[in-house]
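>>> requesting a structural model of the entry that follows:
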Amino acid sequence: MDLSPRAVCLLGLLLVATYTDLKDQKIYNETTYPGMLLGLILSAAFAGWQGVQYSLAGFLVCGVVMVVCFLLFDVGGGDVKLIAMMGSFLGVQDGIEAMLWTFILGSIMGISILIWKFGIAHLMKKTIEHLLLVFRAKGWIKPTEEEREPLQRWLFLAPAALVAVMIVLSKSWLAERGILY
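The predicted structure is shown next:
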């Protein structure tokens, strides 16, 4: 795994965000704002002007994608800042990859929590019931509040982001050992 100073700082910030996300269901500005700046400073220190461009591009691309998610979906502001912070450390390509891994892992965690709480049989039954209603109505029917209630759980993206960054940072280590091509 890449254990450069930038990687170590990012992992440390993600550990703090994971702790507060699980404990308080919040990702604090005191973690993300300094993290965004630190990503830019470390990129500049290790790669000069090119590092600044790398960091700003990752910050902007990841940040804009997350602002769109914030506006269109029920994504929290802390999640937006967390992913933008990751982009400032990782750049565009690795930042987007880490963001996509975060979404995948967060979705798996969310589905796992629903299965744990309600059981797969109950979830499948409710899904089929709603799809039959939609089919009979020949159009989309908005789920009732009762149907939506199980879906209103907190989704902890910080732990998913921590694992996602570890996956992205491990790519070069795996490639050096011939495990990943």
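
>>> quick check: the gap between Ile83 and Arg177.
29 Å (C-beta to C-beta, to the nearest Å). C-betas here are computed from N, CA, C, even on glycine.

>>> the two: who's more crowded?
Just comparing Ile83 and Arg177: by other C-beta atoms under 10 Å the higher neighbour count belongs to Ile83, 27 against 8.

>>> OK, contacts around that one?
With contacts defined as C-beta atoms under 8 Å, 6 or more residues apart in numbering, Ile83 is in contact with 62-63, 65-66, 95, 99, 102, 157, 161.

>>> how distant is the longest helix seen in the chain from the center of its chain?
Longest helix of the chain, by residue count under DSSP state H: helix 29-72. In terms of C-alpha atoms, centre = their mean, to the nearest Å, the centre of helix 29-72 is found 15 Å from the chain centre.

>>> from the contact counts, what lies against it?
In terms of contacts (3 or more C-beta pairs under 8 Å, 6 or more residues apart in numbering; DSSP states H and E), helix 29-72 is packed against helix 5-24, helix 77-118.

>>> pLDDT on the first one, on average?
Taken as a whole, helix 5-24 has an average pLDDT of 94.

>>> what residues of it count as buried?
Neighbour counts over helix 5-24 (16 or more other C-beta atoms under 10 Å) mark 6-7, 9-11, 13-14, 16-18, 20-21 as buried.

>>> for this structure, give me the ranges with low pLDDT.
1-2, 150-154, 180-181 (pLDDT under 70).

>>> isn't Leu13 right up against Tyr33?
No: assessed by C-beta atoms under 8 Å, Leu13 is found out of contact with Tyr33, at 10.7 Å.

>>> what touches both of these two?
With C-beta under 8 Å, 6+ apart, Leu13 and Tyr33 have no common neighbours.

>>> before we move on, the earlier item: I'd like the helices and strands packed on helix 29-72 laid out as TSV, including distance to Ile141.
What follows is these, written out as TSV (distance: least, C-beta to C-beta, whole Å):
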stretch	distance to Ile141
helix 5-24	34
helix 77-118	21
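
>>> Leu56: which of those helices is closest?
Shortest distance between Leu56 and the helices and strands packed on helix 29-72, using C-beta to C-beta, is found for helix 77-118: 7.6 Å.

>>> between helix 29-72 and the closest one, find me the angle.
Between helix 77-118 and helix 29-72, the angle comes out at 70 degrees (axes from the mean of the first three to the mean of the last three C-alpha atoms, to 10 degrees).
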